[in-house]
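Visitor: sequence first, predicted coordinates after that:
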Protein chains: 4
Amino acid sequence: MPNDRLVNETSFHVRYAETDSMGVVHHAVYLVWFEEGRSAYIREHGWSYADIERAGYFLAAGDLNAKYRRAARYDQRITVKTWIEDVRSRTMTFGCEIIEAKTEAVLFEASLKLICLNASGEITRIPNAWMAWLSPQAGEA
Amino acid sequence: MPNDRLVNETSFHVRYAETDSMGVVHHAVYLVWFEEGRSAYIREHGWSYADIERAGYFLAAGDLNAKYRRAARYDQRITVKTWIEDVRSRTMTFGCEIIEAKTEAVLFEASLKLICLNASGEITRIPNAWMAWLSPQAGEA
Amino acid sequence: MPNDRLVNETSFHVRYAETDSMGVVHHAVYLVWFEEGRSAYIREHGWSYADIERAGYFLAAGDLNAKYRRAARYDQRITVKTWIEDVRSRTMTFGCEIIEAKTEAVLFEASLKLICLNASGEITRIPNAWMAWLSPQAGEA
Amino acid sequence: MPNDRLVNETSFHVRYAETDSMGVVHHAVYLVWFEEGRSAYIREHGWSYADIERAGYFLAAGDLNAKYRRAARYDQRITVKTWIEDVRSRTMTFGCEIIEAKTEAVLFEASLKLICLNASGEITRIPNAWMAWLSPQAGEA
């Protein structure tokens, strides 16, 4: 986890619906939690990803790298730590670390590159207004 | 299950992600299967619910009544039987029965009223072209 | 919503993954939120549904009645209000009302009967220790 | 996609519940489809992953690498191609390619390392009986 930039933390309990027959959280759920971490990151800055879509832009998933470390279980308190790893003209990469809040055991680590699309689904430059806001968050300013 | 009208049957295996810690399929998943039953029903008639949306209409969930009878488990073969219970000017009600294909044990029964909305989200009449097609399916013609 | 008994309130933001192509929250998600309301209800009393399972009991879904009132959208703040409607020797019924926190618009109302099962999946009496705790919550004491 | 080993293909329609506000399939859903591909792979060989669990073993997610290529939409026919990339004493790696069946456009590519656990959640050797079956599938025999 980087120490030179903003890291958002958001917490919630594991929902029963998020578990599977193995008695632990299903592995696809971590992507939903990571996404909620990105939502919380943007929300912390007074924006909403909904504003981005209303402005006619979408962030589509590109490359994903993830490591599953330990299993989470129903009703545990989870903390998602989310940061911006990199911003380019047409892409941005978020990183996350998901821990069990009580023991601070690391459950999951991942990075996901998002690609900026316009309303027609074409790859496009991230708007300047947004770029100006993003770059310092990435520790580049 | 009605014997006076068309009943669509669609089958698939229980996915691992659909189970929960209890070792059985999570109860919210049956709504997803019922919805897939409605998709298959429409598909069987050479339409797609996607066509309906492209024409500027949406079917929003209204009243739901459901009975959970028996639990489904990972990898079982499931059959969803879907029919139209009722069609009104602005609503239509689908019924379903979900069974385990091998034993034919009934797992779930439900009816869901859908409300026709226009692109502004207002309740609106079901288009005539569609109405003409739906009514006989409901056994009214 | 009853005014003679305990009502738990738990709040969270709508996750992006919970939306569908209609631009609103998918109707199956409300069952997941209702379930999280029941988890929060039990948690508020110092228990966890996980304790119940560790003691060898399960609560399986039985009859469900639900009304969808208005659509929720991504990033809205949601409040789930949950209470116990009824407790019998082998079943208990929870009620819920889900609102959009800012406008207090009612989105969803439902009641769900849960059936007490033992580890073999047989219907069984709700344990006394638990019964003693549940009944007053239902406003019966 | 490898041409020196068995590749399982399984197909289904995109469910409405799998889409999100962007009008396309949510990125976490591809992990559910990949998992269903692994289930189908095992099923094709007359086994079920359920048998593995009944024998007291679990396959837990480890490292995941994925590339999202194009978006899938509601009601499209999807084909998941699944194969074994590698088998070691305690881990096995599956690969997948997910395509839109009609156009054969590649939507998603991924590899996922699974770790063999015993009933106590400890990393353990893959049982010999299973190993004998797996290795040739990986094109090593």
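Guide: Perfect, thanks for sending it. Treat the numbers as computed from the prediction; the structure is a model and nothing was measured.

Visitor: up against chain D, what does chain A have?
Guide: A:21-22, A:24, A:27-29, A:31-32, A:35, A:53, A:58, A:60-68, A:71, A:121 (C-beta under 8 Å from any C-beta of the partner chain). Glycine gets a C-beta too; all of them are placed from N, C-alpha and C.

Visitor: switch to 7 Å and redo it
Guide: A:22, A:27-28, A:31-32, A:58, A:60-68, A:71 (C-beta under 7 Å from any C-beta of the partner chain).

Visitor: and chain C, which of the residues you listed reach it?
Guide: A:Val32.

Visitor: residue nearest the centroid of chain A?
Guide: For chain A, the residue nearest the mean C-alpha position is A:Arg38 (3.5 Å; C-alpha atoms, centre = their mean).

Visitor: list the buried residues of the longest helix anywhere in chain A.
Guide: Ranked by number of residues, the top helix in chain A under DSSP state H is helix A:29-44. For helix A:29-44, the neighbour count (16 or more other C-beta atoms under 10 Å in any protein chain shown) marks A:29-43 as buried.

Visitor: now which of the residues of chain A next to chain D would you call buried?
Guide: When these are checked against 16+ other C-beta under 10 Å, the ones flagged as buried are A:22, A:27-28, A:31-32, A:58, A:60-62, A:64, A:66, A:68, A:71.

Visitor: ok so, going back, got the contact list for the residue nearest to the centre of chain A?
Guide: A:Thr82, A:Phe94 (C-beta atoms under 7 Å, 6 or more residues apart in numbering or on different chains).

Visitor: show me where chain A dips below the pLDDT cut-off.
Guide: A:135-141 (pLDDT under 70).

Visitor: and the strands in it, which stretches?
Guide: Applying DSSP state E to chain A gives strands spanning A:8-13, A:57-68, A:77-87, A:91-100, A:106-118.

Visitor: okay, those, which one's buried deepest?
Guide: strand A:91-100 (a mean of 21; mean count of other C-beta atoms under 10 Å in any protein chain shown).

Visitor: who's in contact with it?
Guide: A:1, A:30, A:33-34, A:37-38, A:62, A:72, A:76, A:78-86, A:105-116, A:126, A:134.

Visitor: for it, what is the distance to the chain centroid?
Guide: Averaging C-alpha positions (C-alpha atoms, centre = their mean, to the nearest Å) puts strand A:91-100 5 Å from its chain's average.

Visitor: what do you get for stretch A:86-103?
Guide: The answer for stretch A:86-103 is 5 Å, by C-alpha atoms, centre = their mean.

Visitor: any idea how far apart the tips of it sit?
Guide: Criterion C-alpha to C-alpha, to the nearest Å; first-to-last residue distance in stretch A:86-103 is 29 Å.

Visitor: hang on, the earlier thing: in CSV: the strands of chain A, plus distance to C:Trp47.
Guide: Shown next, in CSV, are the strands of chain A (distance: least, C-beta to C-beta, whole Å):
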stretch, distance to C:Trp47
strand A:8-13, 13
strand A:57-68, 29
strand A:77-87, 16
strand A:91-100, 20
strand A:106-118, 24
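
Visitor: for chain B, what are the nearby residues on chain A?
Guide: Close to chain B, as judged by C-beta under 7 Å from any C-beta, chain A has residues A:Tyr16, A:Ala17, A:Thr19, A:Asp20, A:Ser21, A:Gly23, A:His26, A:Ala28, A:Tyr74.
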